[in-house]
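Undergrad: Okay, here's the prediction I keep looking at, along with the sequence it came from:
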Amino acid sequence: MLIVLALVAGIAIGMALHFSLPLRSTRGAALAPTLDAAIAAALYTSLTWLGLAESNPWLWLAATVIPAVVTGLVIAAVSRARADHDERERIRLKVG
């Protein structure tokens with residue numbers, strides 16, 4: 001049942017990443033929270049299956065920090081790729 005806390009933390013961290021990283025207009029508002037929550041849930045589940053207890057601080061540290069880092073990297077890459085693509089399209093279409 002404590003996995004819900006990992007999901008809520010993942011959504012909150014994902015929202016913070018969405019609003020704090022640049023090029024916010026190049027991605028959907030739900031991408032970062034969804035991605036972070038999915039990674040947090042998968043990691044939390046995997047670590048508990050491997051034997052880490054819910055009272056273990058390493059479980060919670062891993063379930064919050066690793067998804068935040070991965071989500072930040074993915075969001076930065078997606079945003080940069082979208083901005084580059086949009087710029088190429090503007091040039092191709094000769095739009096101001």
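TA: Cool, the structure landed. Numbers count the residues shown, from 1 in each chain.
Undergrad: Grab the nearest non-local neighbour of residue 60.
TA: Nearest in space to residue 60, with sequence neighbours left out and distances taken as C-beta to C-beta, 6 or more residues apart in numbering, is residue 6 at 7.7 Å. Using the backbone N, CA and C atoms, a C-beta is placed for each residue, glycine as well.
Undergrad: wait, what's in contact with the one you found?
TA: Residue 6 is in contact with 40-41, 44, 60, 63-64, counting by C-beta atoms under 8 Å, 6 or more residues apart in numbering.
Undergrad: Helices along this protein, start to end?
TA: For the chain, helices defined by DSSP state H occupy the ranges 3-20, 31-49, 57-93.
Undergrad: Any chance of these in CSV with mean pLDDT as columns?
TA: As requested, those are arranged in CSV below (pLDDT from 0 to 100):
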stretch, mean pLDDT
helix 3-20, 96
helix 31-49, 97
helix 57-93, 97
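Undergrad: so who does the residue nearest the centre of the chain touch?
TA: In the chain, the residue lying closest to the centroid (C-alpha atoms, centre = their mean) is residue 71, at 3.0 Å. Applying C-beta under 8 Å, 6+ apart, we find residue 71 in contact with 13-14, 17, 32, 35-36, 39.
Undergrad: switch to 10 Å and redo it
TA: Neighbouring residues of residue 71 by C-beta atoms under 10 Å, 6 or more residues apart in numbering: 10, 13-14, 17-18, 21, 31-40.
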